[in-house]
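**Q** Got a predicted structure here, sequence first:
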2 protein chains.
Amino acid sequence: MSGAALSGDVLGDGLIRIQREIDTAFDAMLPIPDDARARLVEAMRHAAIGGGKRVRPLLLTATAEIYGVDRDCAVWAACAIEAIHAYSLIHDDLPCMDDDDLRHGKPTVHKAFDEATAVLAGDSLHALAFEILSDARTSGDPFTRAELVHCLATASGYSGMAGGQMMDIVAETERFDLHTVTRLQQLKTGALLGAAVEMGAILGHAALEARAHLRAYARDIGLAFQIADDLLDHEGDEQLAGKALRKDQAAGKQTFVSLLGADRAREQARALVDQAIGHLGQHGAEADLLRALAGYIIERDH
Amino acid sequence: MSGAALSGDVLGDGLIRIQREIDTAFDAMLPIPDDARARLVEAMRHAAIGGGKRVRPLLLTATAEIYGVDRDCAVWAACAIEAIHAYSLIHDDLPCMDDDDLRHGKPTVHKAFDEATAVLAGDSLHALAFEILSDARTSGDPFTRAELVHCLATASGYSGMAGGQMMDIVAETERFDLHTVTRLQQLKTGALLGAAVEMGAILGHAALEARAHLRAYARDIGLAFQIADDLLDHEGDEQLAGKALRKDQAAGKQTFVSLLGADRAREQARALVDQAIGHLGQHGAEADLLRALAGYIIERDH
């Protein structure tokens, strides 16, 4: 289901709004310099602007909204987590990694530019994330800024996303059981989705107990998100996805679908979404966007 | 001149001490996990431990020492800037970049492991830098932590090191003049050397005027450092350097040596070092290590 098709409801409006905000913010913060770095910034813009569902920014801003955080600050922080996500996709698509030609229906960065530029564009978006978070525009409170940096850095490094990506590479040659695949996905995808929610809560100065509930919500939708991804990879439409599918199968990797079967995987994802929504029990209508997002995660068709 | 050969003087002692401290700190903060991420952390350790002159950590800690900063905090912050330096070398050595087999006399990370692991190890060291800086162990003051992050992120991204690396790639096909080569080097090498001094000053809560002097010192030694590198590339010993030399020449890149000639380049480097030491005029014996380091930068033989 596309953002446009949902127009009129809380989720559709939320997706359209955040997609526009993130594009506008990246456009403003990445002017093309008048020197030999132009190619680098063009590659960063290629990856960061006009593509992607912006699930992490939506998670972050929807959580921040519960606590009445200033919208500009939340969008700024959302750009940081999206910069990390964008860099990870650039590097993931490289020939030495997944070797993908297509991303968000566009040529991948190393295809549109070249490999060296792709490595540097990824590295530059990586640094940009922390430049953004440590800027007073994200939060006037330095403690909040430092906390945001720590949260995102931990979630993206070897104890988070990059660690999960390493496990994913090892999965091509080693046969992982359900426990290990779950752990892999919790790191590879879950850590950053969790950080999105956590960063919204940090901006909102949420109490520790509320944070624990939000983390539990994020953990559940993170796993549901990956199961849905495995299902889409298994039965989805390449045209809609805007990228190559059925690569895990071809690589002989264990996924939730190969381990559980499609039907049980689908049930499991639904149960996780229900459980995730349950963790929002203490909140009223202000958490409706997070509730709708949980459902979207397993209903999306790309 | 090796660290050991200098033993007994302020610089030799300083180098030996910081090399040991950085190795010890990385060893402690990078235990090998008991899962499929082991290979990733081994690759990070390969790059971060037991190699390199540790010029940036020495610059940072020597500056911090002027202001009486706690040594543990300064070494911790120095690990962050060295993590950035180490990640940039891993990515720089990749086949799609400089395609180097040897670094610090050891196989490069993609040779010792593989390309995908090298990309991820670089990314993980990159994230580690900001995890370190945002940790209360680096500074109890959150404003200082946020400032350190902002300084290092800006210096390493597209407006700093990565931007300079992009210019360096463009230099293979475009003929740069002295002004553009200077700008390239100020970004590629100078930004991070400047950040090392600046971070020491941030930790020390140095006054704005003192920071301006220290920045000027860093700018001058940064350029001198690069001219010395070009001279070493031109006339150095590959065995001592522990890496392949004369690659710029082969690639037809303009360098300070090709543009100025070796003699004028050497004079220029000496003048910059004198000028750098001049910027430390307000300081007494507490800045002797920075003075000695300025000289070392052009006298080193690798």
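**A** Sure, I can see it. Numbers count the residues shown, from 1 in each chain, chains lettered A, B, ... in the order given.
**Q** ok, and the closest non-adjacent residue to the spatially most central residue of chain A?
**A** Nearest residue to the geometric centre of chain A (C-alpha atoms, centre = their mean): residue A:56, 4.4 Å. The shortest distance from residue A:56 to any non-neighbouring residue, by C-beta to C-beta, 6 or more residues apart in numbering or on different chains, is to residue A:196 (4.2 Å). (Each C-beta comes from the backbone N, C-alpha and C, glycine too.)
**Q** Could you double-check that that neighbour lies in contact with residue A:82?
**A** No - contact criterion C-beta atoms under 8 Å: residue A:196 and residue A:82 do not qualify, at 9.2 Å.
**Q** Now the common contact residues for the two.
**A** Common contact partners of residue A:196 and residue A:82 (C-beta atoms under 8 Å, 6 or more residues apart in numbering or on different chains): A:56, A:57.
**Q** Residue A:23 contacts residue A:50, correct?
**A** Yes - with contact defined as C-beta under 8 Å, residue A:23 reaches residue A:50; the gap is 6.0 Å.
**Q** Which stretches in chain A count as strands?
**A** Under the criterion DSSP state E, strands of chain A are mapped to A:102-103, A:106-107.
**Q** highest average neighbour count across those strands?
**A** Scoring these by mean neighbour count under mean count of other C-beta atoms under 10 Å in any protein chain shown gives strand A:102-103 as the most buried, with a mean of 20.
**Q** How about the contacts made by residue A:110?
**A** Contacts of residue A:110 by C-beta under 8 Å, 6+ apart are A:90, A:93, A:94, A:95, A:117, A:118.
**Q** Can you tell me, leaving aside adjacent residues, what's nearest to the first one?
**A** I take that to be residue A:90. residue A:122 (4.0 Å).
**Q** how deep is the one you found tucked in, by neighbour count?
**A** Residues lying near residue A:122 (other C-beta atoms under 10 Å in any protein chain shown) number 32.
**Q** try residue A:178
**A** Neighbours around residue A:178, by other C-beta under 10 Å: 11.
**Q** Hmm, residue A:259 and it touching each other?
**A** Yes - with contact defined as C-beta under 8 Å, residue A:178 reaches residue A:259; the gap is 5.0 Å.
**Q** quick one: residue A:165 and residue A:88 touch, right?
**A** Yes - using C-beta under 8 Å, residue A:165 is in contact with residue A:88, at 7.4 Å.
**Q** Where does the prediction get shaky in chain A?
**A** Within chain A, the stretches with pLDDT under 70 are A:1-8, A:246, A:301-302.
**Q** Find the nearest non-adjacent residue to the residue of the stretch 201-302 of chain A found nearest chain B, please.
**A** Nearest residue of the stretch 201-302 of chain A to chain B, counting by C-beta to the nearest C-beta: residue A:202, 11.6 Å away. In this structure, residue A:202 finds its nearest non-sequential neighbour in residue A:147, 5.0 Å apart by C-beta to C-beta, 6+ apart.
**Q** related to what we said a few turns ago, how close does the residue nearest to residue A:56 sit to residue A:63?
**A** Distance, residue A:196 to residue A:63, using C-beta to C-beta, to the nearest Å: 7 Å.
**Q** Residue A:297 too?
**A** For residue A:297 relative to residue A:63 (C-beta to C-beta), the value is 15 Å.
**Q** Same check on residue A:88?
**A** Taken as C-beta to C-beta, the span from residue A:88 to residue A:63 is 21 Å.
**Q** These two: who's more crowded?
**A** residue A:63 (30 against 22).
**Q** you'd agree that one is up against residue A:214?
**A** Yes - contact criterion C-beta under 8 Å: residue A:63 and residue A:214 qualify, at 6.3 Å.
**Q** joint contacts of these two?
**A** A:197, A:200, A:201.
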